[in-house]
Every structure is written in structure tokens, then in C-alpha cells.
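> Any chance you could fold what I've pasted below:
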Amino acid sequence: MSTVAEIERAIEKLPTDPMLKVASWLDDYRAMIEAAEIERAIEKLPTDPMLKVASWLDDYRAMIEASEELFERLDEEEGQTAGHQWLGQ
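Numbering: from 1, shown residues only. Okay, here's the model as predicted:
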């Protein structure tokens with residue numbers, strides 16, 4: 001098995017494209033591990049705190065979806081008026 005230092009040295013020797021692929025994979029792997037840890041922690045909660053977390057997640061999801069809709073509308077509006085300040089319109 002390799003040490004962390006050996007792995008770091010190997011990654012440092014990689015050309016840019018493969019190195020970026022390794023970095024992307026590590027980010028994905030870390031996010032997957034963190035999600036699994038959160039899931040395990042939630043599974044261990046008593047019912048009442050677990051339901052509070054579930055409610056918070058529902059509220060958070062609704063906020064994100066509302067934000068996405070707002071940003072889409074703003075992007076559309078901006079797209080319709082983009083460049084007008086330069087064209088004197």
C-alpha cells in the first residue's frame with residue numbers, strides 16, 4: 001500500500017488533464033463519503049429529531065427550487081435587455 005506522500009508525488013508528476021481527472025474523482029468521492037456519513041447519522045437519530053431534520057430538508061429543497069425559478073426568470077429578463085445600455089436603447 002502506498003503512503004500519502006507517495007500518492008502526492010505520483011499525482012504531482014501527472015500531466016494536467018489526468019491530474020484534473022484525479023482531482024475531480026477525489027471531490028466526487030469525498031462528497032459521496034460525506035453523504036453516507038450524514039445518512040448514517042440521521043438513521044441513528046430518535047424519531048422526533050429525525051422528523052425535524054426531514055422537515056428542514058423539505059423546507060431547504062423548496063427554497064432551492066424557488067431560487068432556481070427566480071434566477072431563471074432573471075436570466076430571461078436579462079437576456080432580453082442585455083446590451084441595450086451599449087446600443088442606446
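
> Nearest the middle, which residue of this protein would you pick?
Central residue of the chain (C-alpha atoms, centre = their mean): Ala31, 8.2 Å from the mean position.

> Which strand or helix spans that residue?
Using DSSP states H and E, Ala31 maps to helix 16-44.

> What mean pLDDT does the helix or strand that comes right after that helix get?
Counting by DSSP H and E, the next helix or strand C-terminal to helix 16-44 is helix 47-81. The average pLDDT within helix 47-81 is 87.

> Could you tell me the angle between helix 47-81 and helix 16-44?
In terms of direction (axes from the mean of the first three to the mean of the last three C-alpha atoms, to 10 degrees), helix 47-81 departs from helix 16-44 by 140 degrees.

> related to what we said a few turns ago, I'd like the distance between the residue nearest to the centre of the chain and Ser24.
11 Å (C-beta to C-beta, to the nearest Å). No exception for glycine: its C-beta is placed from N, CA and C like everyone else's.

> ditto for Ile64
23 Å.

> Now for Met50: which residues touch it?
By C-beta atoms under 8 Å, 6 or more residues apart in numbering, the contact set of Met50 is Ile42.
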